[in-house]
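**Student:** Predicted structure and sequence below. I'll ask about it afterward.
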Amino acid sequence: MTKRRLPKPGELKQILRPKPVQLNPTERRLGSAHTISDLRAVARRRTPRAVFDYTDGAAELEDSLRRARQAFRNVEFHPNVLRGVADVDTSVTILGNRSELPFAFAPTGFTRMMHHEGELAVARVAQRERIPYALSTMGTTSIEAVAKAAPDARKWFQLYVWRDHGAGRELMDRAWESGYDTLLLTVDTPVGGARMRDVRNGLTIPPTLTLRTFLDGATHPAWWVNLLTTEPLSFASLDSWDGTVAELINSLFDPTLSYDDLAWVRESWPGKLVVKGIQNADDARDVVKAGAEAVILSNHGGRQLDRAPTPLELLRPTLDAVGGSAEVWLDTGILSGGDIVAALAQGATTCLIGRAYLYGLMAGGERGVQRCVEILRTEIIRTMQLLGVRTISALQPSHATLR
């Protein structure tokens, strides 16, 4: 029979240690987020449905996005042991410059729609963490304002070729004069993809107050208050627009985009040139021959062509086709530090993240983006330590295989 006794006060004190009460609601929300999926859950609660779905959704049946994420889940890691991994270096060299973490913030459009702090919040985190940030042509903060807010950040500019080439040339000139050293030319958007969540939600830019959005807004009052009491939501690179995302893309973007346009961009841009939206190895080889210093394997986050190739599965064939003459980057489907490590092990120079930091932005503004970086950094370091590698360059394809 078990002998019972009353616990001593000192014993209770060791056990009963309540967490400090966090009075700041944003810090409280972010403190409970330990993964990017946790940030996504917070973002979903904090933003109107149409706004969240714009970020979260993809084209048509969303198979491209689903397959990209599944490819990362199918990765099998193969660790080495007894390697001494107390100190881990997560830095990489991207186009000749050091980044303290092996990823960059991808360009995203309409960012102030997700949270009123928008692009400025993301650029400030990039500066603090010493990683690159790419501003989108469809950004809601000007080229100059981002440069002023984060003067020491490594800044890239993402360009869509518009029907009006003069406007594109002006954007490139402004970006170069403002200290952006790399141009990301996106080539997978001759027309807009069929993003069915946006269609069903009736999303317009800027958001309009229909009966449905009004009722949804009643459950997200903070988002609406921030939208209505800060600078009006508008595009920094065009005067105004009042319509759907698909209508905007089909009105502005040039569907005749060809290698002649790539040559024009290469001639017009004095800095590094990266081509984003490559989806087969032959195209990667051809754009490198046309002057690109890097290519980004990307199906636009699954937001353009549904059932498009999965970037992670394209990585090895593309590296073979390019043959070391250019860097190969990767995006789409990345939701953890382990995903990033897997891509690097397979040979990617770096990764771009988009949705991951937008979830953080929606969850808590600049602090939410910072929390996203903290989560990914922790996961990258832990994955490297468990694999038995101390540097990114030590990662090999044998460390992460596709099952």
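**Tutor:** Noted; the coordinates are in hand. Numbers count the residues shown, from 1 in each chain.

**Student:** So the residue nearest the centre of the chain versus Leu335, what's the distance?
**Tutor:** What sits nearest the mean C-alpha location of the chain, by CA atoms, centre = their mean, is Gly354, with 1.5 Å. Remark: distance between Gly354 and Leu335 (CB to CB, to the nearest Å) = 11 Å. All C-beta atoms are positioned from the backbone trio N, CA, C, and that covers glycine.

**Student:** For Thr383, which three-state class applies?
**Tutor:** Following DSSP: H, G, I helix; E, B strand; the rest coil, we place Thr383 in the helix state.

**Student:** Now do the same contact list for it.
**Tutor:** 77, 337-338, 341 (CB atoms under 8 Å, 6 or more residues apart in numbering).

**Student:** Any quick ChimeraX command for the buried ones out of those?
**Tutor:** Provided next is the ChimeraX selection string for whichever of the contacts of Thr383 are buried by 16 or more other CB atoms under 10 Å:
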select :337,338,341
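
**Student:** So of the contacts of Thr383, which two are at opposite extremes in space?
**Tutor:** The largest separation in the contacts of Thr383, counting by CB to CB, is between Phe77 and Gly337 at 12.2 Å.

**Student:** follow-up on the earlier one: dump the contacts of Thr383 into a markdown table; add secondary structure as well.
**Tutor:** Formatted as a markdown table, those follow (three-state DSSP):
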| residue | secondary structure |
| --- | --- |
| Phe77 | strand |
| Gly337 | helix |
| Gly338 | helix |
| Val341 | helix |
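
**Student:** With respect to Leu395, which of the contacts of Thr383 is nearest?
**Tutor:** Nearest to Leu395 among those, with distances taken as CB to CB, is Val341, at 6.8 Å.

**Student:** Roughly how far does that closest one sit from Ala348?
**Tutor:** Distance from Val341 to Ala348, by CB to CB: 10 Å.

**Student:** Low-confidence stretches in this structure?
**Tutor:** 205-211, 213-214, 217, 235-246, 248 (pLDDT under 70).

**Student:** hmm, 80 instead?
**Tutor:** Scanning the chain for pLDDT under 80 picks out 1-2, 5-23, 164, 203-218, 232-254.

**Student:** Note down every partner strand of the longest strand seen in it and its orientation.
**Tutor:** Determined from DSSP state E, the single longest strand within the chain is strand 272-278. Sheet pairing for strand 272-278, assigned by DSSP bridges, gives strand 182-186 (parallel), strand 294-297 (parallel).

**Student:** closest one to Pro311 among those strands?
**Tutor:** strand 294-297 (4.0 Å).

**Student:** List of residues touching that closest one?
**Tutor:** 95, 184, 272, 274-279, 284, 287-288, 311, 314-315, 318, 322, 326-332, 348-349, 352.

**Student:** Skipping adjacent residues, who's closest to Ile380 in space?
**Tutor:** Leaving aside its sequence neighbours, Ile380 sits nearest to Gly337 (CB to CB, 6 or more residues apart in numbering; 3.8 Å).

**Student:** I'd guessed that neighbour sits against Glu374; true?
**Tutor:** No. In terms of CB atoms under 8 Å, Gly337 does not count as a neighbour of Glu374; the distance is 10.5 Å.

**Student:** which residues do the two both contact?
**Tutor:** Joint contacts of Gly337 and Glu374 (CB under 8 Å, 6+ apart) do not exist.

**Student:** Sounds good, over and out.
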